[in-house]
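1. One predicted model, sequence on top.
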Amino acid sequence: MYPVKSAQMLASSDQDARLELCHCDQVGLAVRSVVAFSKGEVLDHFDGRIDQHISQHSLQVGRGEHISETQFVGFLSHGCDPNCALDMETRRLIALRDIAAGELLLIDYSITEDTLFKDFDCACGASQCRGQITGRLAMKNP
């Protein structure tokens, strides 16, 4: 997985003190948990600007619609064995398993995105790592 070698809190408020933006040497800007979460727990409720523009930190919320300018979810890192998932209908981030305090939050980009802003080589280290990450419509994903 992605170790946070030099992480420092970049943004948070009292209301959102359960998550923080941090810098991870391997992936850059990322999100980590400040507190522990149980499987099924809601980590974040999110909102932002919705339009048709796709960018590095936008997420697809519907066909041709992307959300940007979110506090945390636009900065989630990819993992082929994610520890959380996005519910785009309810705009919630949900724990897929127990998450320890200090752990980076990972989603599978291929689950939420038809097309990525940019395909990339994965270095997540998961035993089932797909190697090349694309949107769910691309033929490269199994």
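-> All right, it came through fine.
2. Look at the nearest residue to residue 19 once chain neighbours are set aside and say how many residues are nearby.
-> Nearest residue to residue 19 in three dimensions, chain neighbours excluded: residue 72, at 5.2 Å (Cβ to Cβ, 6 or more residues apart in numbering). Placement of C-beta: from N, CA and C, glycine included. Each residue near residue 72 was counted by other Cβ atoms under 10 Å, and the total is 21.
3. and if you look at residue 20?
-> Per other Cβ under 10 Å, the neighbour tally for residue 20 reads 19.
4. Phi and psi next, for it.
-> The phi/psi pair for residue 20 (degrees, to the nearest 10) reads phi -150, psi 150.
5. contacting residues for residue 67?
-> 46, 47, 48, 49, 50, 58, 59, 61, 73, 74 (Cβ atoms under 8 Å, 6 or more residues apart in numbering).
6. wait, the second one sits on residue 70?
-> The reference is to residue 47. Yes - under the criterion of Cβ atoms under 8 Å, residue 47 makes contact with residue 70 at 7.1 Å.
7. who's more crowded, the two?
-> residue 70 (19 against 11).
8. That one touches residue 48, doesn't it?
-> Yes - between residue 70 and residue 48 a contact is recorded at 4.0 Å, counting by Cβ under 8 Å.
9. Now do the contacts for residue 75.
-> 21, 29, 30, 31, 57.
10. which one of those residues has the most neighbours?
-> When neighbours are counted by other Cβ under 10 Å, residue 31 leads the contacts of residue 75 with 24 neighbours.
11. how about that residue, what does it touch?
-> 19, 20, 21, 22, 72, 73, 75, 76, 77, 104, 105.
12. got a markdown table for these, with secondary structure and distance to residue 130 too?
-> Output for those, formatted as a markdown table (DSSP: H, G, I helix; E, B strand; the rest coil; distance: Cβ to Cβ, whole Å):
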| residue | secondary structure | distance to residue 130 |
| --- | --- | --- |
| 19 | strand | 26 |
| 20 | strand | 28 |
| 21 | strand | 26 |
| 22 | strand | 25 |
| 72 | coil | 24 |
| 73 | helix | 22 |
| 75 | helix | 21 |
| 76 | coil | 17 |
| 77 | strand | 15 |
| 104 | strand | 18 |
| 105 | coil | 19 |
